[in-house]
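In: Structure, please.
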Amino acid sequence: MGMSQNASMALPDLTGRRFVVTGANSGLGLATTRALARQGAHVVLAVRDEVKGRAAVRALADGIPGAAGRLDVRRLDLADLDSVRECAAALRADYPRLDVLVDNAGLMAPPYTLSAQGHELQFAVNHLGHFALTGLLLDRLAAGSEPRVVTVSSVQHRKGRIHFDALEGGDGARGYAPMGWYNQSKLANAVFGHELHRRLTAAGSPVRSVLAHPGYAATHLQAETPIAVVRLLFGRILGPLFAQSPETGALSQLYAATAPDAEGGTFFGPGGLGELRGAPRRVALAPTATDPEVGRRLWELSERLTGVRYLGE
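Out: Presented below is the predicted three-dimensional model:
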């Protein structure tokens with residue numbers, strides 16, 4: 001399919017399938033939730049702001065007949081591992097099985113900030129919170145039907161490197177490069193998705209780990225960054241020229257979440273020039289993302305920082 005602003009994709013019937021989507025009340029997460037709900041799925045909107053989450057559910061229910069009873073809002077603050085544990089515990093109590101977890105929520109280029117547990121905020125939200133949530137829900141996914149974890153990364157992961165010796169942002173606010181640490185967090189997503197695939201396969205788990213990126217989509221992510229030059233460049237200048245709608249940007253993660261041929265360990269992104277826009281196709285992970293030593297180091301570090309262990313380790 002070409003580089004149409006409104007590239008589309010036929011989704012299968014999802015009646016009876018249970019999805020959890022993080023960051024589901026706006027942008028790519030909302031577009032993903034809407035597309036899933038239209039196909040009959042039950043969707044848990046895991047959101048930081050429950051008021052916004054409930055408003056999103058009302059809007060979705062108004063546009064999709066019968067969807068109201070299939071949409072569930074849960075509070076999830078990925079910047080606080082205690083909130084992640086509370087959300088996971090509540091989901092575990094209510095759902096004996098889940099079919100798909102879409103680790104979609106993200107934060108881009110904030111000023112230097114630390115999470116509740118003292119980690120650099122983008123690494124905490126984009127990677128550590130999702131690492132913990134996925135691990136805490138893995139047995140519920142293993143009980144699901146054709147279960148998957150979809151990790152949403154970015155083309156920017158190819159520009160990232162993981163500063164294992166300075167994860168908290170260099171020497172603090174003075175040496176902090178917000179976009180550099182965003183790229184690091186998106187590389188961490190890619191490393192995690194690939195390493196999770198390797199470990200699930202080795203353990204004989206039925207759960208597939210699939211990766212996706214949206215290309216360049218017009219979402220709140222760029223609009224809300226406090227860095228004026230990033231906001232100007234992505235929001236005002238490049239946005240009107242190149243950006244896809246959130247609905248089109250979400251197609252790659254929808255493909256990863258629902259397509260029968262989306263195999264574990266594969267990465268999907270837009271098929272157009274520079275992977276910035278277009279219909280989804282299989283794309284390449286950066287070599288660093290598939291490096292076994294990087295995967296092992298990030299995994300062990302993430303277990304230590306979150307206290308969450310996987311697969312009976």
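
In: which residues does residue 215 contact?
Out: 155, 244, 249, 252, 269-270, 272, 275-278 (Cβ atoms under 8 Å, 6 or more residues apart in numbering). In this view, the C-beta of every residue, glycine as well, is placed from N, C-alpha and C.

In: repeat that with 6 Å
Out: Applying Cβ atoms under 6 Å, 6 or more residues apart in numbering to residue 215 gives the contacts 269-270, 275-277.

In: For this structure, which segments are assigned as helices?
Out: Along the chain, counting by DSSP state H, helices occupy 27-38, 50-63, 81-94, 121-122, 129-142, 178-202, 220-223, 228-230, 239-242, 246-249, 251-258, 292-306.

In: From the contact counts, what lies against the shortest one?
Out: It refers to helix 121-122. helix 178-202 (3 or more Cβ pairs under 6 Å, 6 or more residues apart in numbering; DSSP states H and E).

In: If you count contacts, what does the helix it packs on end up packed against?
Out: Taking 3+ Cβ pairs under 6 Å, 6+ apart as the contact cut, helix 178-202 packs with helix 121-122, strand 208-212, helix 292-306.

In: Quick one, grab the pLDDT at the residue nearest to residue 73 when sequence neighbours are not counted.
Out: Distances taken as Cβ to Cβ, 6 or more residues apart in numbering put residue 53 closest to residue 73, at 3.9 Å, once the chain neighbours are dropped. Note on residue 53: pLDDT of 98.

In: which residues of the stretch 101-250 of the chain score low on pLDDT?
Out: Within the stretch 101-250 of the chain, the segments meeting pLDDT under 70 span 168-173, 218-242.

In: what's the neighbour count on the spatially closest residue to residue 289 that is not a sequence neighbour?
Out: Nearest residue to residue 289, sequence neighbours excluded (Cβ to Cβ, 6+ apart): residue 190, at 3.8 Å. Residue 190 has 27 neighbours, counted by other Cβ atoms under 10 Å.

In: still on that earlier bit, tell me the one of the contacts of residue 215 nearest residue 307?
Out: Of all the contacts of residue 215, residue 269 has the smallest distance to residue 307: 32.4 Å, by Cβ to Cβ.

In: Quick one: residues contacting the residue nearest the centre of the chain.
Out: Taking Cα atoms, centre = their mean, the centroid of the chain lies closest to residue 104, which sits 2.3 Å from it. By Cβ under 6 Å, 6+ apart, the contact set of residue 104 is 21-23, 28-29, 152.

In: who wins for proximity to residue 140 among the helices and strands packed on helix 178-202?
Out: Here strand 208-212 is closest among the helices and strands packed on helix 178-202 (Cβ to Cβ), at 14.9 Å.

In: That closest one - which strands sit beside it in the sheet, and in what orientation?
Out: Here strand 208-212 is paired, per DSSP bridges, with strand 148-152 (parallel), strand 267-270 (parallel).

In: Mind listing residues that contact that strand?
Out: Under Cβ under 6 Å, 6+ apart, the answer for strand 208-212 is 148-153, 193, 196-197, 200, 252-253, 256, 262, 264, 266-268.

In: what's the nearest residue to residue 305 if we skip its chain neighbours?
Out: residue 128 (5.9 Å).

In: can you check residue 274 too?
Out: residue 155 (7.4 Å).

In: pretty sure that neighbour is in contact with residue 275, am I right?
Out: Yes - between residue 155 and residue 275 there is a contact at 5.4 Å, judged by Cβ atoms under 6 Å.

In: So which of the two has more stuff around it?
Out: residue 275 (22 against 19).

In: how many neighbours does the residue lying closest to residue 145 once chain neighbours are set aside have?
Out: Setting aside the residues directly before and after it, residue 145 is nearest to residue 99 in space (Cβ to Cβ, 6+ apart), at 5.4 Å. Neighbour count of residue 99, defined by other Cβ under 10 Å: 24.

In: And for residue 123?
Out: The burial count for residue 123: 24, using other Cβ under 10 Å.

In: cool, the one 10 residues further on as well?
Out: By the measure other Cβ under 10 Å, the count of residues near residue 133 is 28.

In: That one against residue 85, yeah?
Out: No - between residue 133 and residue 85 there is no contact under Cβ under 6 Å: 9.0 Å.

In: Stretch 201-209: how far from the chain's middle?
Out: 19 Å (Cα atoms, centre = their mean, to the nearest Å).

In: buried stuff in stretch 56-69?
Out: Going by neighbour count (16 or more other Cβ atoms under 10 Å), the buried part of stretch 56-69 is 56-57, 60-61, 64, 67.

In: cool, stretch 275-289 as well?
Out: The neighbour-count check on stretch 275-289 (16+ other Cβ under 10 Å) flags 275-280, 283, 285-286, 288-289 as buried.

In: and those as JSON lines, adding pLDDT and distance to residue 306?
Out: Output for these, formatted as JSON lines (pLDDT from 0 to 100; distance: Cβ to Cβ, whole Å):
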{"residue": "275", "pLDDT": "94", "distance to residue 306": "30"}
{"residue": "276", "pLDDT": "92", "distance to residue 306": "33"}
{"residue": "277", "pLDDT": "91", "distance to residue 306": "34"}
{"residue": "278", "pLDDT": "92", "distance to residue 306": "35"}
{"residue": "279", "pLDDT": "93", "distance to residue 306": "35"}
{"residue": "280", "pLDDT": "96", "distance to residue 306": "30"}
{"residue": "283", "pLDDT": "98", "distance to residue 306": "28"}
{"residue": "285", "pLDDT": "98", "distance to residue 306": "23"}
{"residue": "286", "pLDDT": "98", "distance to residue 306": "24"}
{"residue": "288", "pLDDT": "98", "distance to residue 306": "22"}
{"residue": "289", "pLDDT": "98", "distance to residue 306": "20"}
